[in-house]
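Chemist: dropping a prediction and its sequence here:
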Amino acid sequence: MSRSPSNIAIWWQAFRYHFVPASFLPAFLGSIIAWAMTGRFYPSYFSLTVLGVTINHIALNMTDDYYDFHHSVDRGENRERNPYSGGSGTLTSGHLLPRQMARAFRVGYLITIGIGLVLVATRGWQVLFFGVFGVWCAFFYTAPPIRYGYRGFGELSQLVNFSLTIGLGAFFVQSQYISWDAMYVLLPLGFMMFAMIIINEIPDENDDRTGGKRNLVVIFGREKSVWFYGLSMLSAYLILILAPLIGSASWWVYCALVTLPWFFKALRILIKNYNHDAKMSPANMLTIRIHNISGILLCLAYIIHGVDKGNDVRQMVIPIVMLIILYFPVALTIFFNIVTLKPDEKT
């Protein structure tokens with residue numbers, strides 16, 4: 001008999017934390033860009049912003065698990081063969097009850113809303129727009145009656161929310177204005193997130209189709225989804241290349257181009273194996289790496305840019321320490337394959 005996982009391991013698996021950098025990295029980047037452009041940094045507002053988007057993403061992950069489970073999505077064998085697709089497996093395996101997960105994500109949203117209200121009161125009513133839109137999109141991605149992730153709009157939502165909504169929201173909290181230049185630097189993370197969603201949906205195509213989930217992979221099929229993946233990633237890199245040329249970004253953003261070889265490798269794997277779920281899993285992993293490392297390198301690029309402008313680099317100690325702490329568990333997963341609980345383990 002296999003050893004039963006601990007409660008901590010079960011909840012950690014339910015959080016699907018290896019996907020959470022998609023939220024906190026644009027928050028870091030937007031805040032650091034604001035510091036580089038203005039020379040001002042407010043660590044308390046920054047910490048609240050990062051905490052809010054992190055908790056909101058964890059709540060989003062559990063909301064998706066909960067409603068996909070009730071719609072009989074992510075119950076097939078595909079979920080077990082590709083560890084980067086499907087849900088956490090904590091509901092299908094019986095490790096958690098649906099009511100436990102529902103209680104947890106509701107608490108998560110309440111905490112997020114509370115943090116948002118503090119930021120609205122201290123940084124302006126404009127923060128309300130970013131917060132309401134972000135929480136609304138997180139919950140109704142799979143929650144009825146809207147369930148827009150089941151209607152072909154989920155991928156577009158990921159592109160917008162995991163770049164502009166979070167990143168520009170964090171930028172505004174620090175700077176009190178909105179910048180087109182910041183938008184150009186943040187958009188690549190959104191396109192990379194779009195690609196990540198597409199490649200993670202490909203192994204779930206059959207389960208999603210059976211459960212009535214009409215995402216882009218179900219609508220257009222696997223082969224065309226490979227094109228969506230490639231074009232989205234190329235769009236991200238094209239924006240990074242063009243932004244400094246039109247004077248909208250620091251030349252230091254080119255350091256993020258070091259992830260390009262990973263993209264070409266992931267694309268080759270995907271083209272060859274898009275009909276073989278287990279064999280394409282290295283491409284899923286590489287896509288997460290591309291997004292994460294690109295985001296970290298863009299943060300580093302704007303720290304260097306700020307220093308070049310004469311900003312006080314000591315203000316960046318808190319963001320750097322927080323980034324190390326928040327990203328360390330993810331690094332263990334996507335670089336060393338250290339996990340706490342496999343979805344197919346039974347109690």
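Modeler: Arrived safely, thanks for sending. Numbering: from 1, shown residues only.
Chemist: where does the chain dip in pLDDT?
Modeler: Applying pLDDT under 70 to the chain picks out residues 1-5, 73-81, 337-347.
Chemist: for Ile219, see how far away the closest residue to Gly149 other than its chain neighbours is.
Modeler: Here the nearest residue to Gly149 in space, its sequence neighbours aside, is Tyr141; by Cβ to Cβ, 6 or more residues apart in numbering that works out to 4.3 Å. Backbone N, C-alpha and C define where each C-beta goes, glycine included. Separation of Tyr141 from Ile219 (Cβ to Cβ, to the nearest Å): 17 Å.
Chemist: so these two - more neighbours on which side?
Modeler: Tyr141 (21 against 12; other Cβ atoms under 10 Å).
Chemist: verify the stated contact: the more buried one with Leu156.
Modeler: No. Using Cβ atoms under 8 Å, Tyr141 makes no contact with Leu156, being 11.5 Å away.
Chemist: how far away is the nearest residue to Ser85 once chain neighbours are set aside from Met62?
Modeler: Spatial nearest neighbour of Ser85, excluding adjacent residues (Cβ to Cβ, 6+ apart): Pro203 at 4.1 Å. Distance, Pro203 to Met62, by Cβ to Cβ: 21 Å.
Chemist: quick check: buried residues in the helix or strand hosting Leu48?
Modeler: Assessed by DSSP states H and E, Leu48 sits inside helix 43-70. Neighbour-count burial for helix 43-70, with 16 or more other Cβ atoms under 10 Å as criterion, is recorded at 45-46, 48-69.
Chemist: okay, and Gly230 sits in which element?
Modeler: Using DSSP H and E, the element containing Gly230 is helix 222-245.
Chemist: give me the distance from that helix to the chain's centre.
Modeler: 17 Å (Cα atoms, centre = their mean, to the nearest Å).
Chemist: try stretch 142-159
Modeler: The answer for stretch 142-159 is 15 Å, by Cα atoms, centre = their mean.
Chemist: again, but for stretch 250-268
Modeler: Distance, centroid of stretch 250-268 to centroid of chain: 18 Å (Cα atoms, centre = their mean).
Chemist: first-to-last residue distance for it?
Modeler: Counting by Cα to Cα, to the nearest Å, you get 31 Å between the two ends of stretch 250-268.
Chemist: from Pro319, how far out is the residue nearest to Asp65 when sequence neighbours are not counted?
Modeler: Spatial nearest neighbour of Asp65, excluding adjacent residues (Cβ to Cβ, 6+ apart): Gly87 at 4.3 Å. Gly87 sits 31 Å away from Pro319, going by Cβ to Cβ.
Chemist: same question, Leu110
Modeler: 26 Å.
Chemist: give me the more crowded residue out of the two.
Modeler: Pro319 (22 against 12).
Chemist: helix or strand for the more buried one, which one?
Modeler: Per DSSP H and E: helix 317-336 holds Pro319.
Chemist: please list the residues outside that helix that contact it.
Modeler: Outside of helix 317-336, the residues within contact range by Cβ atoms under 8 Å, 6 or more residues apart in numbering are 17-18, 20-21, 24, 28, 31-32, 43, 46-47, 50, 54, 285, 288-289, 292, 296, 299, 303, 338-339.
Chemist: try stretch 95-115
Modeler: 5, 10-11, 13-14, 48, 51-53, 55-56, 58-60, 62-63, 65-66, 69-70, 89-91, 131, 135, 138-139, 341, 347.
Chemist: ok, now with 7 Å
Modeler: Residues from elsewhere that reach stretch 95-115 (Cβ atoms under 7 Å, 6 or more residues apart in numbering): 5, 10, 14, 48, 51-52, 55-56, 58-59, 62-63, 65-66, 69, 90-91, 135, 139, 347.
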